[in-house]
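Participant: I would like the atomic coordinates for the input below:
(one chain, ligands or ions: 1)
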Amino acid sequence: MLKRGYKPAPWTGALNCRVSVFLMFLTLMLVFFLVFHNDSDGANPSLAYERPNKKENSFDSLVHLHPTKEFRNGTDLIWQVPESPKGVLFLAHGCDGRALNFWDKSPECPDCIGLPEERLLVLHGLAQGFAVITISSAQRCWTFGKEVLVVKDIIEWWTGRRKLEKLPLVALGASSGGYFVSVLATAMKFSSIVIMIAEGMFEQIDIRGDYPPTLFVHMPKDLYRQQKIDEYVEVLKDRRIDVGVVECMEFPLSPNTLADRIPGLDLPLSRKIFELFQEKGFIDKNGYMKKDGRKIKWKKALEEKKTLVLDNNLVSHVQEELNLAFAYHEMTSLHSDQIFKWFESHRS
Ligand SMILES: *[C@@H]1O[C@H](CO)[C@@H](O)[C@H](O)[C@H]1NC(C)=O
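Facilitator: Next up, the predicted model:
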């Protein structure tokens, strides 16, 4: 669950920016036109789709969640170490996020929330043999002063205590968490990092030659960030830092999507919500969201439909999947294969 539109600092020359964004937009329209009209089998690798898999919930039989929740340096950390861990993964949420969002509600964590994309990142991490640690930001969003040292302290204290300090350390941060991870990487040694739906703070930090290999996972519909990322990819390449880019595209909803990705939301309800969205024109005839999930009055439409009852605890979960399907700005686990390949191929 992320609030859109978070920007770390006002940019000087915003006007220039707007003009080039407009040009970028025209260029992109042209590119899209060419790609989607000439290449209908979608062979272009940079626009590789990753449709949601069926039944992500099947993880539950592979990974057993037994997280530990602690309080340290004024904040929450929630973590789990699998048998024979081969690395340590720090996950940083976006604005309004919390460590609780990453973990399913369980006897060990009764107030955990388990948002669909966050929980899948944790499950993928554990399944890949990573010890996973999540920490809550002190305020609504991450800050880039003392908080960097606090999180560094927490991670070092925890890896030391669990005897994980010799293992490769990697991090993934989304939105505000992405900016945060880009800065944290100057304060502690990561084997590699993933910056999701954020361009990072590469104008503010000193990028040394030992900056970790950086994978940007982003949504090109967000043209402002797309442009900044293009810029920063070049900046990092100039410093001989290994850089990768994964683009996340929109995908159509199907009657099953919500049930497939949200534990506790059953198929009949998923179908009814889908039909309501068709009826209300929230999705087009192919199932694509016409607008960002935050911009449509889907909750009101649901409340008016007396035959439809969505558990209040699942509202943010549905919201997240709608935002993800629109692919403008949301946490995503759809590219976990590429994310974990990135971690795997940069283990030193
Ligand atoms: C975090 O807590 C430890 C233990 O209380 C303390 O020694 C350390 O200075 C704290 N770190 C920061 C950056 O406040």
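Participant: show me which residues of the protein are close to the ligand?
Facilitator: 73, 149-150, 153 (CB under 6 Å from any ligand atom). Every C-beta, even on glycine, is put in place using the N, C-alpha and C of the backbone.
Participant: and which of those is nearest to F282?
Facilitator: V150 (41.3 Å; CB to CB).
Participant: got the contact list for the nearest residue to D104 once chain neighbours are set aside?
Facilitator: Closest residue to D104 apart from its sequence neighbours, by CB to CB, 6 or more residues apart in numbering: G114 at 3.8 Å. Going by CB atoms under 8 Å, 6 or more residues apart in numbering, G114 touches 101-105, 263, 317.
Participant: redo that, cut-off 10 Å
Facilitator: By CB atoms under 10 Å, 6 or more residues apart in numbering, the residues touching G114 are 65, 100-106, 120, 122-123, 262-264, 313, 317.
Participant: please name the bridge partners of V170.
Facilitator: L89, S192 (DSSP bridges).
Participant: any idea how far S254 is from the ligand?
Facilitator: 47 Å (CB to the nearest ligand atom, to the nearest Å).
Participant: sec struct for that residue, please.
Facilitator: Per DSSP: H, G, I helix; E, B strand; the rest coil, the secondary structure class of S254 is coil.
Participant: that one: neighbour count?
Facilitator: 17 (other CB atoms under 10 Å).
Participant: ok, it touching D260?
Facilitator: Yes. The criterion here is CB atoms under 10 Å, and S254 meets it with D260 at 8.3 Å.
Participant: for K163, give me phi and psi.
Facilitator: Backbone torsions of K163, given as degrees, to the nearest 10, read phi 60, psi 50.
Participant: same deal with F216?
Facilitator: Residue torsions, per degrees, to the nearest 10, at F216 are phi -90, psi 130.
Participant: list the beta-bridge partners for it.
Facilitator: For F216, the beta-bridge partners are I195, V245 (DSSP bridges).
Participant: wait, doesn't it sit right on E199?
Facilitator: Yes. At 7.6 Å, F216 and E199 qualify as touching, with contact defined as CB under 10 Å.
Participant: which residues do the two both contact?
Facilitator: Residues within reach of F216 and of E199 at once, by CB under 10 Å, 6+ apart, are 178, 225-226, 228-230, 232-233.
Participant: if we can go back for a sec, scan the contacts of G114 and report the most crowded one.
Facilitator: F102 (29 neighbours).
Participant: can you tell me which residues contact that residue?
Facilitator: So F102 contacts 67, 78-79, 91, 93, 109, 112-115, 117-123, 125, 132-134, 331 (CB under 10 Å, 6+ apart).
Participant: and those, which of them are in strands?
Facilitator: Within the contacts of F102, residues falling in strands by DSSP state E are 78-79, 91, 132-134.
Participant: now, of the shared contacts of F216 and E199, which are buried?
Facilitator: If you count burial by 16 or more other CB atoms under 10 Å, the buried members of the shared contacts of F216 and E199 come out as 178, 225-226, 228-229, 232-233.
Participant: now, which of these sits nearest the ligand?
Facilitator: The nearest member of the buried ones among the shared contacts of F216 and E199 to the ligand, counting by CB to the nearest ligand atom, is G178 at 21.7 Å.
Participant: three-state assignment of that closest one?
Facilitator: Under three-state DSSP, G178 falls in the helix class.
Participant: now it: closest residue in space, sequence neighbours ignored.
Facilitator: Using CB to CB, 6+ apart, the closest residue to G178 is A198 (2.9 Å).
Participant: quick check: that neighbour touching F216?
Facilitator: Yes. Counting by CB under 10 Å, A198 touches F216, with 8.3 Å between them.
Participant: now S106: phi and psi?
Facilitator: Backbone torsions of S106, given as degrees, to the nearest 10, read phi -160, psi 170.
Participant: which residues touch it?
Facilitator: Neighbour list for S106: 64-67, 112, 114 [criterion: CB under 10 Å, 6+ apart].
Participant: quick one: low-confidence ranges for the chain?
Facilitator: Scanning the chain for pLDDT under 70 picks out the ranges 1-61.
Participant: quick one: the helices in it, in order.
Facilitator: 14-38, 116-127, 146-161, 176-187, 223-238, 257-261, 267-280, 298-304, 315-326, 336-344 (DSSP state H).
Participant: can you tell which of these is closest to Q139?
Facilitator: Ranking the helices of the chain by proximity to Q139 (CB to CB) places helix 146-161 first, at 8.4 Å.
Participant: quick one: contacts of the closest one?
Facilitator: Contacting residues not belonging to helix 146-161 are listed as 68, 70, 72-75, 77, 79, 81, 88, 90, 92, 131, 133, 135, 137-139, 142-143, 164-167, 169, 171, 180-181, 183-188 [CB under 10 Å, 6+ apart].
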